[in-house]
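Q: What shape does this take:
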Amino acid sequence: MARREADRAAHDRVVEALLRATAAGDRDAVRGLLDPAATLWVDAAGSAAATPGKVEGVDETARALCRVLRPGPGVEVAARSVNGVAGLVVRQDGVVTGVVSVAVRSGRVAEAWVVLSPSKLERWNRD
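A: Below is the predicted model:
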């Protein structure tokens, strides 16, 4: 049980650090949070916000995360529970437009999943 709690605490710290780094637009800090073999999966069906598919490598993954999690006018990015663990939720004018979940290994983001598909985000907008 203590191991699971330690893993969850490490996961939460990485997600919070990712939130801070992307909010500051600090791509170098984002790169530092990524595993050297980081992979990002994007589900953007029906969204013009990103190209769907797989992104590999630190530079491309950092670039994609910074683009998706970039704050701006009317945009709020916050840490929230996603599939039972800390993740990031993007809202544009109060409407959820993106959800990011990550797998943390050895204190770094090894994989990330970005959902931008409006149909898959419907349940996030029912509240």
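
Q: Where does the prediction get shaky in the protein?
A: 1-6, 46-52, 127 (pLDDT under 70).

Q: hey, where'd the strands end up in it?
A: In the chain, the strands defined using DSSP state E lie at 34-43, 53-56, 75-82, 85-92, 95-105, 108-115.

Q: what is the orientation angle of the third one with strand 95-105?
A: Comparing the axes of strand 75-82 and strand 95-105 via axes from the mean of the first three to the mean of the last three C-alpha atoms, to 10 degrees yields an angle of 50 degrees.

Q: what's near enough to touch the closest residue to residue 90 other than its chain neighbours?
A: Closest residue to residue 90 apart from its sequence neighbours, by C-beta to C-beta, 6 or more residues apart in numbering: residue 98 at 3.7 Å. (Each C-beta comes from the backbone N, C-alpha and C, glycine too.) For residue 98, the contact set (C-beta atoms under 8 Å, 6 or more residues apart in numbering) comprises 49, 68-69, 89-90, 114-116, 121.

Q: Any figure for the gap between the nearest residue to residue 17 once chain neighbours are set aside and residue 84?
A: Distances taken as C-beta to C-beta, 6+ apart place residue 33 nearest to residue 17, at 5.7 Å, with adjacent residues excluded. Distance of residue 33 to residue 84, computed by C-beta to C-beta, to the nearest Å: 21 Å.

Q: was I right about the residue nearest to residue 17 contacting residue 21?
A: Yes - counting by C-beta atoms under 8 Å, residue 33 touches residue 21, with 6.5 Å between them.

Q: Show me which of those two is the more surrounded one.
A: residue 33 (24 against 21; other C-beta atoms under 10 Å).
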